[in-house]
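Novice: Okay, predicted coordinates and the sequence, questions at the end:
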Amino acid sequence: MDKTYSVNDRVSHEGILYKCLQAHSAQADWTPDAAVSLWVRVDNPTEEWPEWIQPVGAQDAYPLGAKVSHNGARWISDVNNNVWEPGVYGWTQ
């Protein structure tokens with residue numbers, strides 16, 4: 001039987017937690033790190049300042065108020081749908 005995923009299902013892939021964005025049946029080339037239209041990375045909710053990761057699109061852009069760590073500093077997003085690197089635009093240290 002094929003594995004199916006529903007919207008909001010969570011999976012761990014290569015040690016990273018992902019949330020399903022679209023219901024689908026699993027395929028070998030639809031891994032969470034490769035199929036960005038199907039999956040979005042979610043940070044560990046117990047970690048207050050997760051390491052910043054460059055968003056690849058609107059589905060994983062940072063929301064207003066998101067907290068991240070980057071280059072040894074802590075940053076808070078000043079804008080919604082933030083895809084910029086902390087220190088470049090849209091973040092307050």
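Specialist: Received it, and whenever you're ready, just let me know what you need. Numbering: from 1, shown residues only.
Novice: show me the residues around the residue positioned nearest the centre of the chain that make contact.
Specialist: Geometric centre of the chain, nearest residue: residue 41, 3.1 Å, by CA atoms, centre = their mean. Applying CB atoms under 8 Å, 6 or more residues apart in numbering, we find residue 41 in contact with 16-18, 32, 53, 60. For glycine as for every other residue, the C-beta is placed from the backbone atoms N, C-alpha and C.
Novice: repeat for residue 43
Specialist: 17, 50.
Novice: Can you say which of the contacts of residue 41 are buried?
Specialist: 18, 32, 60 (16 or more other CB atoms under 10 Å).
Novice: if we can go back for a sec, specify the beta-bridge partners of the residue nearest to the centre of the chain.
Specialist: residue 18 (DSSP bridges).
Novice: Where do the strands of this structure begin and end?
Specialist: Counting by DSSP state E, the chain has these strands, from start to end: 4-5, 10-13, 16-20, 24-25, 39-41, 67-70, 73-77, 91-92.
Novice: what separates the first one from the chain centre, distance-wise?
Specialist: This points to strand 4-5. Averaged C-alpha coordinates place strand 4-5 at 19 Å from its chain's average position (CA atoms, centre = their mean, to the nearest Å).
Novice: same thing with the third one?
Specialist: For strand 16-20, the distance from its own C-alpha centre to the chain's C-alpha centre is 8 Å (CA atoms, centre = their mean).
Novice: Show me what that strand packs onto, helices and strands only.
Specialist: Applying 3 or more CB pairs under 8 Å, 6 or more residues apart in numbering; DSSP states H and E, we find strand 16-20 packed against strand 10-13, strand 39-41.
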